[in-house]
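Visitor: Next come a sequence and a model predicted from it.
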Amino acid sequence: MFQIKELHNSAADNLKNKEGIGLINLYPLDKIPVTIPKSWTFKPTCMPVHYQIRAEDYANFEVREDDIWIITYPKCGTTWTQEMTWMLMNDLNFDKSNSIDLLQRSIFFEMEGLVPIDTWKNIELLNNQESPRVIKSHLPIGLLPRDIWRKKCKIIYVTRDPKDMIVSFYHQFNGILPCNTTIDEFVECILTDNMMYCSYWNHVLEFWLIREQSNILFFTYEDMKKDLKAIIGKTSKFLKKDYTEEQINLLMKHLSFENMKASSTCNNQDHIRVLHAAYKVDYDEKKAFKFMRKGLVGEYKKELSQDCIERINAKTKESFEPYGLDLYCG
Ligand code: PPS
């Protein structure tokens with residue numbers, strides 16, 4: 001189902017030398033049962049070498065019709081959207097949310113494909129999870145289960161300004177791996193599709209092009225920051241859920257950055273601890289990278305050079321404009 005090529009170029013080799021992450025490109029060879037307008041052709045996706053062991057199983061994974069998939073490029077608002085969606089799907093069960101980690105309530109589909117740890121059993125956990133499941137994935141259409149399109153599962157797709165995404169991704173990457181990558185090198189990796197899940201631009205475009213299909217809800221991290229109530233309203237409607245004004249106000253408080261950061265079941269810090277263990281890096285709670293970092297729009301201005309900003313804007317414009325998408329170009 002996939003043609004696989006190992007990546008060898010200066011950005012990929014630099015990453016491999018420094019962080020030990022070998023990268024591959026996966027090209028889907030089968031006919032994917034989804035119609036994408038504007039003669040879209042599937043592009044290769046960059047993933048860690050280890051991913052190839054699982055790629056076929058993931059593509060053949062049997063989904064359930066009532067699954068809800070939260071799909072994003074990394075660092076674009078996944079966790080925030082997972083918590084919102086899980087709460088809406090579970091009668092705003094604050095007690096359960098406060099007692100069970102989000103990544104157990106809303107499982108990360110391809111986790112075992114990212115880091116070589118044989119003891120992880122996310123697929124088994126998913127198979128045993130009660131319906132309706134709220135599933136997290138960063139996979140693009142070419143790598144997702146084909147069954148999603150046959151069964152028309154609901155998909156909530158969230159994107160974010162690539163400049164803020166890159167800064168957020170860079171801090172997590174640097175915070176987990178014992179790495180020496182500079183932010184300029186990291187920008188180079190993303191711009192040249194030498195980082196897991198690349199290309200960001202193809203990822204966003206694919207879902208933007210199918211945003212009007214009835215099983216898709218598409219919004220941005222910036223939309224959530226600007227008017228969370230409106231996004232809760234849209235998402236409730238999409239999920240066919242109805243809540244009172246009072247309940248929605250409670251949910252808004254629950255979803256605030258401050259509340260989620262302080263909540264040990266929502267702040268993904270356990271995930272960071274697990275990743276430290278996987279990469280054999282000591283975890284020190286006080287010094288460790290905090291998943292809930294800033295939670296702001298436009299922070300990139302403090303961290304990216306003008307040259308990087310201009311190169312990212314140019315790449316965004318060149319990629320999005322031919323398809324009529326005018327987000328994040330400058
Ligand atoms: S991941 O690892 O891909 O699942 O990360 P993801 O959840 O997509 O993105 C993490 C960024 O989202 C911010 N975040 C929030 N912002 C505002 N409000 C709330 N409630 C919230 N929850 C998570 C988080 O801080 C990361 O952004 P940065 O810019 O790094 O702070």
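Guide: Yep, that arrived. Note that the coordinates shown come from a computational prediction; the quantities given were computed from them, not determined experimentally.
Visitor: Please identify the residue most distant from the middle of the chain.
Guide: The centre of the chain is farthest from one residue, residue 246, which by C-alpha atoms, centre = their mean lies 30.3 Å away.
Visitor: residues in the stretch 1-150 of the chain within reach of the ligand, list them.
Guide: For the stretch 1-150 of the chain, the contact set with the ligand under C-beta under 6 Å from any ligand atom comprises 72, 74, 75, 76, 77, 78, 79, 80. Placement of C-beta: from N, CA and C, glycine included.
Visitor: out of these, which are inside helices?
Guide: Judged by DSSP state H, these include 78, 79, 80 as members of helices.
Visitor: wouldn't the last one be in contact with residue 260 here?
Guide: Yes: with contact defined as C-beta atoms under 8 Å, residue 80 reaches residue 260; the gap is 7.1 Å.
Visitor: who has more neighbours, those two?
Guide: Applying other C-beta atoms under 10 Å to residue 80 and residue 260 shows that residue 80 carries more neighbours, namely 23 against 20.
Visitor: what sits against that one?
Guide: With contact taken as C-beta atoms under 8 Å, 6 or more residues apart in numbering, residue 80 is in contact with 221, 224, 255, 260.
Visitor: do you know how far the last one is from the ligand?
Guide: When you say that, I think you mean residue 260. According to C-beta to the nearest ligand atom, to the nearest Å, residue 260 stands 4 Å off from the ligand.
Visitor: So for that residue, what's the pLDDT?
Guide: On the pLDDT scale, residue 260 is placed at 98.
Visitor: Surely it is in a helix?
Guide: Yes: assessed by DSSP: H, G, I helix; E, B strand; the rest coil, residue 260 belongs to a helix.
Visitor: Can you tell me what sits against the lowest-mean-pLDDT helix or strand in the chain?
Guide: Every helix and strand of the chain was ranked by mean pLDDT, DSSP states H and E. The lowest is helix 10-19, at a mean of 82. With C-beta under 8 Å, 6+ apart as the test, helix 10-19 has contacts from 21-23, 177, 179-181, 185, 188-189, 192, 194-195.
Visitor: circling back: and the contacts of residue 80, which of them are buried?
Guide: Those of the contacts of residue 80 that meet the buried threshold are 221, 224, 255, 260, by 16 or more other C-beta atoms under 10 Å.
Visitor: which residues sit in contact with the second one?
Guide: To tie it back to what came earlier, the one meant is residue 224. Residue 224 makes contact with 77, 80, 81, 158, 231, according to C-beta under 8 Å, 6+ apart.
Visitor: ditto for the first one
Guide: Contacts here follow C-beta under 8 Å, 6+ apart; on that basis residue 221 touches 76, 77, 80, 158, 159, 160, 161, 164, 297.
Visitor: one step back: which ones among the contacts of residue 80 lie within helices?
Guide: Short answer: those in helices (DSSP H) are 221, 224, 260.
Visitor: Having no further points to raise, I will conclude here.
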